[in-house]
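Enquirer: Need the 3D shape of this:
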Amino acid sequence: MKLLKKILIGLLIFIVLLLVLAYFLPRKMEIEASGPINAPATFAYNILNDFKNQELWDPWTEQDTSMTFDFGDLTLGEGAYIDYTSDKYGSGRTTRVTSKKDQQILLTSESKDMGSGSMRYDIVSQGDKSKLTWGFNTEISWPKNLINIFIKSGMKKDMKEGITNISSLANDRWKNSTYNGYQVNQEVRPSINYVTNRDVVPFAQSDRFYTQNLQPLFLKIQKSGVKMEGYSSALVYNYDFANNTLDMATAIPIKEEVAIEGAGSETLDQGKVLVVDYYGDRMGTTAAHLAIDDYMRDRGLFNKYPVVEEYITDPTEEKNPSKWLTKVIYYLSE
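Expert: Take a look at the predicted model:
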């Protein structure tokens, strides 16, 4: 009993000492990590300025595979936010407060376990490379502030790992033009004449619209005696996200520009284009489009409409959708 009493007294003294230590420790925790980015500053900025890239570089997703992200309606720029849930790190929300190219990106962090805090990303250009500084600040009340001395070094290590991940991602985009696994190629595309059927349709019915109009267009082309040349395509002239509609056309390329009764026509002049080869079901091309969007943003390029999806594989001959090749094509503004 005496031994147990001594142990309890010793434990009580230890707890009191920890509480006293916590009282004199700072409530504020400030962590900063820096590292090189093997790409121009714009590439790092664009990665950090869009929350949809978060899981591609976030160091904590590798440590906890249970972590999931939920995006707000806006992922890019000021006002965007992302909610996270993790078995290891709890849950919270990060909101982008300010976002100015070649300057700081400032964010706020609200965690159910750690309370509120703020983050910043400083990106400094160094020629064709750059330097990224990641800062984190929070205030933890007594006696929870005792954990500062235990987690600070670990968090700094994790932040350095995140910077390394960003550097690798930015370099792959800069040197290899690879975005989320898709290779973006810049080409010169010759002039193409199309016979079309164009209308405004709901997003969910776009594939049906394309398919239903193929056979009637083929019959009209055959009747006219014009020779087909190339692959059938979908042309998109406008995305109306407010109404969830597309201004689009089913299009079949022909050898020469000819007016065909009961059909529209479109000629796309020779020009520079960006192309991604996408394999899979036609309705799953969104990631390929986003890859081209990011490529253009990094390089200050702009596209002109229509956007083209060219369907190389005939589904009646190849039954496996994973082998269907679609070329996603964006014409560049000069």
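
Enquirer: in this protein, which spans are helices?
Expert: In the chain, the segments counted as helices under DSSP state H are 2-24, 41-48, 54-57, 59-63, 148-176, 206-224, 286-299.

Enquirer: can you give me the strands in the stretch 1-150 of the chain?
Expert: 28-37, 68-71, 81-86, 90-99, 105-111, 115-126, 129-139 (DSSP state E, counting those that start in this stretch).

Enquirer: Tell me which of the ones you listed sits nearest to residue 167.
Expert: Comparing the strands of the stretch 1-150 of the chain against residue 167 with Cβ to Cβ, the closest turns out to be strand 28-37 (4.7 Å). Where you see a C-beta, it was placed from the backbone N, CA and C, and this is true even at glycine.

Enquirer: Name the residues of that closest one that come out as buried.
Expert: 29, 31, 33, 35, 37 (16 or more other Cβ atoms under 10 Å).

Enquirer: Determine how far stretch 89-108 lies from the middle of the whole chain.
Expert: 16 Å (Cα atoms, centre = their mean, to the nearest Å).

Enquirer: For residue 170, grab the count of nearby residues.
Expert: A count of nearby residues for residue 170, using other Cβ atoms under 10 Å, gives 27.

Enquirer: Contacts only, for it.
Expert: For residue 170, the contact set (Cβ atoms under 8 Å, 6 or more residues apart in numbering) comprises 37-39, 43-44, 47.

Enquirer: Relative to residue 272, how far out is it?
Expert: According to Cβ to Cβ, to the nearest Å, residue 170 and residue 272 sit 24 Å apart.

Enquirer: repeat for residue 74
Expert: In terms of Cβ to Cβ, residue 74 sits 30 Å off from residue 272.

Enquirer: and what of residue 126?
Expert: Taking Cβ to Cβ, one finds residue 126 at 30 Å from residue 272.

Enquirer: who's more crowded, the two?
Expert: residue 272 (14 against 11).

Enquirer: Ignoring the adjacent residues along the chain, who's closest to that one?
Expert: Closest residue in space to residue 272, ignoring its immediate chain neighbours: residue 332 at 4.6 Å, by Cβ to Cβ, 6 or more residues apart in numbering.

Enquirer: and that neighbour, how many neighbours?
Expert: Residue 332: 14 neighbours (other Cβ under 10 Å).

Enquirer: Confidence-wise, which helix or strand of the protein is lowest on average?
Expert: Lowest on mean pLDDT, DSSP states H and E among the helices and strands of the chain sits helix 2-24, with a mean of 51.

Enquirer: Can you pull the domain assignment for the chain?
Expert: With domains defined by automatic domain parsing, the chain comprises 25-174, 185-332.

Enquirer: For the contacts of residue 170, give me a markdown table that also has pLDDT and distance to residue 230.
Expert: Converted to a markdown table, the contacts of residue 170 look like this (pLDDT from 0 to 100; distance: Cβ to Cβ, whole Å):
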| residue | pLDDT | distance to residue 230 |
| --- | --- | --- |
| 37 | 97 | 42 |
| 38 | 97 | 40 |
| 39 | 97 | 36 |
| 43 | 96 | 35 |
| 44 | 96 | 40 |
| 47 | 96 | 36 |
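
Enquirer: which among those residues gets closest to residue 86?
Expert: Of the contacts of residue 170, the one sitting nearest to residue 86 (Cβ to Cβ) turns out to be residue 47, at 21.1 Å.

Enquirer: Check the gap between the closest residue to the closest one other than its chain neighbours and residue 297 for me.
Expert: Among residues not flanking residue 47 along the chain, residue 53 sits closest, at 4.9 Å (Cβ to Cβ, 6+ apart). Computed as Cβ to Cβ, the residue 53 to residue 297 distance reads 11 Å.

Enquirer: distance of the closest residue in space to residue 120 that isn't next to it in sequence from residue 34?
Expert: Nearest in space to residue 120, with sequence neighbours left out and distances taken as Cβ to Cβ, 6+ apart, is residue 135 at 4.6 Å. Using Cβ to Cβ, we find residue 135 at a distance of 9 Å from residue 34.

Enquirer: Residue 241 now?
Expert: Counting by Cβ to Cβ - residue 241 and residue 34 are separated by 38 Å.

Enquirer: Check residue 88 too.
Expert: The value you get for residue 88 to residue 34, if Cβ to Cβ is used, is 26 Å.
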